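Visitor: Mind folding the following:
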Amino acid sequence: MTECTLTYQQLNISPSDIYAQMGYDGTQPDEATQQEVQSVVGEVAGLLQARFCYLVVADKPAFDMGKIIERQLRGSQAYALFVCTSGSQFADYQQRLADGGDMVRVFIADALGSVIAEHCADQMEQHLQQSIQKLGWQHTNRYSPGYCGWHVSQQQLLFPLFGGKTCGVTLTDSSLMLPIKSVSGIIGLGSEVRHMDYSCGLCDMQHCFKRRKAAQKSRQAAR
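Guide: Modelled structure (predicted):
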């Protein structure tokens with residue numbers, strides 16, 4: 001089991017990452033909104049303790065992940081199970097904003113929390129790759145319950161495999177993670193696997209963050 005705590009600065013989040021999550025398609029919000037974003041970021045940077053943990057197992061767990069993910073994991077020699085989270089400090093901050101009724105900042109924090117969780121997962125992937133480098137291994141893309149046909153209820157099979165060490169993340173009866181701004185899933189490892197650009201042609205989930213990120217990259221390349 002590998003665990004790590006990250007500061008906001010270590011996540012390498014840019015304003016454009018936050019704006020994209022807020023729904024600005026290749027544009028910037030007005031000056032007042034930008035200032036609000038900067039204010040929220042300043043407050044979050046002082047309290048954030050994002051965390052990730054991952055566990056490498058030799059055998060693929062008995063998940064029903066569907067054909068899309070099974071195909072992408074084909075050829076793996078081992079598997080990394082992971083949990084990444086924005087942390088309880090951020091969740092408490094979000095609750096304070098909600099209690100205060102400032103819906104603009106609530107919206108900004110919600111977008112920021114999603115970005116934090118995904119950047120935490122990016123850092124986890126980098127750490128994982130460094131740990132398997134000596135074996136001559138690579139890793140696949142990461143896949144999470146709720147995406148590409150892997151039902152979110154499978155969280156109930158994933159979490160017990162960590163033996164209670166899930167970076168403070170817990171599951172509700174409906175398989176919702178708490179803190180909400182968390183990511184979990186599986187990554188294939190081995191000498192014959194590779195990490196690829198996410199192909200949104202693989203599935204029809206229209207509101208997936210990967211589809212949004214791919215669109216953002218496409219717009220940037222077209223400039």
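
Visitor: how far away is the closest residue to residue 65 other than its chain neighbours from residue 94?
Guide: Once flanking residues are discounted, residue 65 sits nearest to residue 150: 4.5 Å by CB to CB, 6 or more residues apart in numbering. For glycine as for every other residue, the C-beta is placed from the backbone atoms N, C-alpha and C. Distance, residue 150 to residue 94, by CB to CB, to the nearest Å: 26 Å.

Visitor: pLDDT averaged over stretch 10-27, what's the number?
Guide: Regarding stretch 10-27, the rounded mean pLDDT is 93.

Visitor: Quick one: distance of the longest helix belonging to the chain to the chain centre.
Guide: Identified as the longest helix of the chain according to DSSP state H is helix 103-132. Centroid displacement of helix 103-132 relative to its chain, using CA atoms, centre = their mean, to the nearest Å, is 5 Å.

Visitor: Tell me which residue is most central in the chain.
Guide: Central residue of the chain (CA atoms, centre = their mean): residue 118, 3.0 Å from the mean position.

Visitor: just checking, that one touches residue 182?
Guide: No - counting by CB atoms under 8 Å, residue 118 does not reach residue 182; the two are 10.6 Å apart.

Visitor: any common contacting residues for those two?
Guide: Residues touching both residue 118 and residue 182 (CB atoms under 8 Å, 6 or more residues apart in numbering): none.

Visitor: where does this protein have low pLDDT?
Guide: Within the chain, the segments meeting pLDDT under 70 span 198-223.

Visitor: where do the helices sit along it?
Guide: Using DSSP H, the helices of the chain run over 15-22, 31-45, 66-72, 88-100, 103-132, 155-158, 209-222.

Visitor: The ones you listed into a markdown table, with extra columns for distance to residue 197?
Guide: Shown next, in a markdown table, are the helices of the chain (distance: least, CB to CB, whole Å):
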| stretch | distance to residue 197 |
| --- | --- |
| helix 15-22 | 17 |
| helix 31-45 | 28 |
| helix 66-72 | 12 |
| helix 88-100 | 29 |
| helix 103-132 | 14 |
| helix 155-158 | 25 |
| helix 209-222 | 7 |
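
Visitor: Relative to residue 193, which of the ones you listed is closest?
Guide: helix 66-72 (8.6 Å; CB to CB).

Visitor: List the buried residues of the closest one.
Guide: By 16 or more other CB atoms under 10 Å, the buried positions in helix 66-72 come out as 66, 69, 70, 72.

Visitor: burial measure for residue 88, as a count.
Guide: Using other CB atoms under 10 Å, residue 88 is surrounded by 15 other residues.
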